[in-house]
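Enquirer: what follows is a predicted structure for the sequence shown.
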Amino acid sequence: MPKDRLKKHPVQKLGKQPRREDPFHRTLLFKNYRLPGVLPTPPAEISYVVKVPSWPMLLNDQLGDCVIAAMGHMVQQWTYFASNGAAMQTMTDAEALAAYEAIGGYDPSDPSTDQGCDMLTALNYWRNKGIMVGGKLHKIGGFVEINRTIADLRETTWLFGDAFTGLALPTAVQGADKWTVPNGGIYGAAGQPGGWGGHCVPAMAESPETATCITWAERLKMSHNFFGDYCDEAYAVLSEDWLTSQGETLAGFNLAQLRKDIAAL
């Protein structure tokens, strides 16, 4: 990653609102669908990011629509792998804006409404109504919340292609070319979780030391201890596009039961 990130993107907007609990406790948990003794050990290196040729900004240098941008990047990735690149669908700025208006309540005529989104509201909208990407409506089959551990992040990336990840970013990483825990950790002034604000990114690759996410139209690496210290919510998202690329099966994951539970919600 180039060191001149601020020269390339002098404005880096965030926009993830604090984690919201479902008042009826309907959020399903990843651990309940993991089949003990059946799920193979994921490989040490997992990457579903480098083949995608480029990533759009999706207005996240102008608006706090990072949640929407993450959703658009995930659909772009899934459709790339579902078609081996032949039918990748990419969200436009107009589609990102429409989704931000619908989910976040943004009104372009009133700048004070640029308040971001919470991830749970976005996920429920995505499942029930869908978002437009590349001129097509995309709904997700459902989602499950994962434990905020590297083991769950790795399994989720391996099985679902990515993880819909929320971070409470510290001021220490403003303009940084990678995200690592600063000196003094979370107790130093620059390392306070959320000191900069909340941000949403899709994590799409895993190595023994880092995860790779997409933000501000680029790939960016975060250290595992950074994820552990600053992630405040993360989800595995069920995409039919991704299942197409995987042959409609997720080894070691009880997909049939998840679909039944989603249908019962």
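Expert: Sure, I can see it.

Enquirer: low pLDDT regions in the stretch 151-265 of the chain?
Expert: For the stretch 151-265 of the chain, residues meeting the criterion pLDDT under 70 lie at 248-249.

Enquirer: which parts of it are helices?
Expert: Along the stretch 151-265 of the chain, the segments classed as helices by DSSP state H, counting those that start in this stretch run 224-230, 240-246, 255-264.

Enquirer: closest one to residue 113 among those helices?
Expert: helix 224-230 (26.9 Å; CB to CB). Using the backbone N, CA and C atoms, a C-beta is placed for each residue, glycine as well.

Enquirer: report the buried residues of the closest one.
Expert: Residues of helix 224-230 classed as buried: 224, 226, 227, 229, 230 (neighbour count, 16 or more other CB atoms under 10 Å).

Enquirer: nearest to residue 143, of those residues?
Expert: residue 227 (18.9 Å).

Enquirer: return the residues in contact with residue 136.
Expert: residue 89 (CB atoms under 8 Å, 6 or more residues apart in numbering).

Enquirer: distance of it from residue 181?
Expert: Between residue 136 and residue 181 the distance is 40 Å, computed by CB to CB, to the nearest Å.

Enquirer: wait, residue 224 sits on residue 212?
Expert: No: in this structure, residue 224 is not within contact of residue 212 by CB atoms under 8 Å, at 11.8 Å.

Enquirer: in contact with residue 19, which residues are there?
Expert: Contacts of residue 19 by CB under 8 Å, 6+ apart are 118, 119, 120, 166, 232, 233.

Enquirer: ditto for residue 165
Expert: 70, 153, 200, 201, 202, 203, 213, 227, 231, 233, 234, 235.

Enquirer: let me know the pLDDT of residue 5.
Expert: In this model, residue 5 is scored at 61, pLDDT.

Enquirer: how about the one 4 residues further on?
Expert: According to the per-residue confidence, residue 9 scores 67 in pLDDT.

Enquirer: go on, residue 34?
Expert: 87.

Enquirer: quick check: bridge partners of it?
Expert: For residue 34, the beta-bridge partners under DSSP bridges are residue 253.

Enquirer: so it sits against residue 255, correct?
Expert: No: with contacts defined as CB under 8 Å, residue 34 does not count as touching residue 255, sitting 11.3 Å away.

Enquirer: tally of neighbours for residue 86?
Expert: When neighbours are counted by other CB atoms under 10 Å, residue 86 registers 8.

Enquirer: what about it, distance to residue 138?
Expert: Distance from residue 86 to residue 138, by CB to CB: 17 Å.

Enquirer: for residue 14, same thing?
Expert: Distance from residue 14 to residue 138, by CB to CB: 24 Å.

Enquirer: again with residue 24
Expert: 26 Å.

Enquirer: these two: who's more crowded?
Expert: Each of residue 24 and residue 138 has its neighbours counted (other CB under 10 Å); residue 138 has more, 21 against 7.

Enquirer: which ones are touching the closest residue to residue 252 other than its chain neighbours?
Expert: Using CB to CB, 6 or more residues apart in numbering and skipping the chain neighbours, the partner closest in space to residue 252 is residue 39 (2.7 Å). Listed by CB under 8 Å, 6+ apart, the contact partners of residue 39 are 155, 251, 252, 253.

Enquirer: list buried members of those by neighbour count.
Expert: Using 16+ other CB under 10 Å as the burial test, these include 155, 252, 253 as buried.

Enquirer: JSON lines for those residues, including distance to residue 92?
Expert: Putting those into JSON lines (distance: CB to CB, whole Å) gives the following:
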{"residue": "155", "distance to residue 92": "32"}
{"residue": "252", "distance to residue 92": "37"}
{"residue": "253", "distance to residue 92": "33"}
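
Enquirer: neighbours of residue 75, just the number please.
Expert: 27.

Enquirer: can you check residue 235 too?
Expert: Residues contacting residue 235 under the criterion other CB under 10 Å number 24.

Enquirer: report the beta-bridge partner residues of the nearest residue to it once chain neighbours are set aside.
Expert: Once flanking residues are discounted, residue 235 sits nearest to residue 164: 4.4 Å by CB to CB, 6+ apart. Residue 164 forms beta bridges with residue 202, residue 235, as assigned by DSSP bridges.
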